[in-house]
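# structural data only, the sequence is not supplied:
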């Protein structure tokens, strides 16, 4: 792609909407829209994601793409990398990427650096029974750090508690956040989805009205004892909700 450096505000707004205000890497579906009124290139084709114009198809292939599209629009996979360092929102987008990278949340990665916090070694478990949860593991997702784990899992327990499968459970009666989404590992509460992402998930989960939602994730690594959970992307979850209601 080209022109990303001139679309920094659109990039910032897109990543805010995706729940990645500190930047990261995301795989999205872009709309390709011819822009014959462009004063610099009559064959210009805009690249638009979720309504945000983030750049253009490279001019060396724009004529070919514009001819194929005619007066219509097309779609294409795109990988977008963005870093808001110093407020500049440097970004790079690749149409039809040859390699599909996992989504990344730079803020979560920075907070996941290994450290020794002032936390108890062991905490009595809070258990929750969930009957017949809905499996969402096949949906596109973003891997994010589980929030508040220090309130539910002791420092020395995390390597035993973390795994590759988690269950998300809505907590509409949560006194701190009515959109709260708790994270369970083998029936034990291990923390919460971030408030920003829970705000997106809550209305969709409430529409499905399942007791819980099975997702993937990962446990501690050699470098960190953080636990990570795969949060379904909003577009994928909306499509899933729509498919169930049709």
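Yep, it's here. Every value quoted in this text rests on a predicted model; they were computed, and no experiment measured them.

# what is the longest helix anywhere in the chain packed up against?
As assigned by DSSP state H, the longest helix anywhere in the chain is helix 195-208. When contacts are defined as 3 or more Cβ pairs under 8 Å, 6 or more residues apart in numbering; DSSP states H and E, helix 195-208 sits against strand 165-170, strand 181-185, strand 228-232, helix 234-245. All C-beta atoms are positioned from the backbone trio N, CA, C, and that covers glycine.

# adding distance to residue 212, mean neighbour count and mean pLDDT, write the ones you listed out as JSON lines.
Formatted as JSON lines, the helices and strands packed on helix 195-208 follow (distance: least, Cβ to Cβ, whole Å; neighbours: other Cβ atoms under 10 Å; pLDDT from 0 to 100):
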{"stretch": "strand 165-170", "distance to residue 212": "4", "mean neighbour count": "23", "mean pLDDT": "96"}
{"stretch": "strand 181-185", "distance to residue 212": "7", "mean neighbour count": "24", "mean pLDDT": "96"}
{"stretch": "strand 228-232", "distance to residue 212": "13", "mean neighbour count": "25", "mean pLDDT": "92"}
{"stretch": "helix 234-245", "distance to residue 212": "14", "mean neighbour count": "14", "mean pLDDT": "91"}
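
# which of the ones you listed sits closest to residue 8?
Nearest to residue 8 among these is helix 234-245; the distance by Cβ to Cβ comes to 22.5 Å.

# for the closest one, packing partners?
helix 195-208.

# and the angle from the helix it packs on to strand 181-185?
Using axes from the mean of the first three to the mean of the last three Cα atoms, to 10 degrees, the direction of helix 195-208 lies 90 degrees away from that of strand 181-185.

# what comes up buried for helix 195-208?
Across helix 195-208, burial judged by 16 or more other Cβ atoms under 10 Å covers 197, 198, 199, 200, 201, 202, 205.

# list the buried ones in the helix or strand just after that helix?
Following the chain from helix 195-208 toward its C-terminal end, the next helix or strand by DSSP states H and E is strand 213-218. Judged by neighbour count using 16+ other Cβ under 10 Å, the buried positions of strand 213-218 are 213, 214, 215, 216, 217.

# enumerate every residue touching the second one.
What it means is residue 214. Contact partners of residue 214, counting by Cβ atoms under 8 Å, 6 or more residues apart in numbering, are 133, 134, 135, 136, 137, 165, 166, 167.

# just put the buried residues of strand 213-218 in CSV and tack on pLDDT and distance to residue 36.
Putting the buried residues of strand 213-218 into CSV (pLDDT from 0 to 100; distance: Cβ to Cβ, whole Å) gives the following:
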residue, pLDDT, distance to residue 36
213, 97, 45
214, 97, 48
215, 97, 44
216, 95, 44
217, 91, 47
